[in-house]
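Novice: starting from these lines, generate the structure:
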Amino acid sequence: MRDSEAVMSKAPRFRTLVLPILVILAALLAGCSQRPSAEALENPAKEVSSAVRAASLAVDLRIADSTTAAAASTTADDMLGDVESATNEVHGLSAQTQEERVLRNDALTAFSSISRALLHARDALASSSGGPNDGQGQAQLSSVQGELRVATEQLDSLMTKAGIQ
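Specialist: You can find the predicted model right below:
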């Protein structure tokens, strides 16, 4: 019986020592993943990049009269939802250093520009139901197309600066 008692008395000491170390290690690892490093921003930035490119394609297709206003508007609206999700993800990152704050704020600024451009695209696409061949519809879609390109360039610049491929 003494052997089993010795083993049992060592088990609580082992748990008492190892459990706090594991908890601290888990907290450190969780804390590291919540910082806005380039790695943490990579997925949201790529999601937003894909979204803005898909919306740009929808505008291009509508200008070429190769899709309906409803389909293009729905695409822009869906892509807006993707950008909002990515924005919420970046808002959840804590920035402890000045470099991290700048990177997070730059990402949020780029995402905001893209959201605004997608809202304009959605509205222009929805109102272009008469077709891109009318003068006003063409002008709106061309303006939105330019706005989407500028927002895409801003995001591409940020991704290059952050080392996101």
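
Novice: could you use CA atoms for every contact and neighbour count after this?
Specialist: Fine.

Novice: which stretches in this structure count as helices?
Specialist: Listed in chain order, the helices found in the chain under DSSP state H are 2-33, 38-63, 69-91, 98-127, 135-162.

Novice: just the angle between the third one and helix 38-63, please?
Specialist: Which is helix 69-91. Helix 69-91 runs at 170 degrees relative to helix 38-63, counting by axes from the mean of the first three to the mean of the last three Cα atoms, to 10 degrees.

Novice: list the contacts of helix 69-91.
Specialist: Helix 69-91 has contacts (Cα atoms under 8 Å, 6 or more residues apart in numbering) with 36, 41, 44-45, 47-48, 51-52, 54-55, 58-59, 61-62, 104, 107-108, 111, 114-115, 118-119, 121-123, 125-129, 131.

Novice: now list the buried members of those residues.
Specialist: For the contacts of helix 69-91, a neighbour count by 16 or more other Cα atoms under 10 Å gives the buried set as 36, 41, 44-45, 47-48, 51-52, 54-55, 58-59, 61-62, 104, 107-108, 111, 114-115, 118-119, 121-123, 125-128, 131.

Novice: ok, back up a step: adding mean pLDDT, write the helices of the chain out as JSON lines.
Specialist: What follows is these, written out as JSON lines (pLDDT from 0 to 100):
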{"stretch": "helix 2-33", "mean pLDDT": "52"}
{"stretch": "helix 38-63", "mean pLDDT": "94"}
{"stretch": "helix 69-91", "mean pLDDT": "95"}
{"stretch": "helix 98-127", "mean pLDDT": "93"}
{"stretch": "helix 135-162", "mean pLDDT": "92"}
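
Novice: any idea how far residue 96 is from residue 106?
Specialist: 15 Å (Cα to Cα, to the nearest Å).

Novice: before we move on, what about residue 57?
Specialist: Using Cα to Cα, residue 57 is found at 25 Å from residue 106.

Novice: quick one, what contacts residue 41?
Specialist: Neighbouring residues of residue 41 by Cα under 8 Å, 6+ apart: 90, 107.
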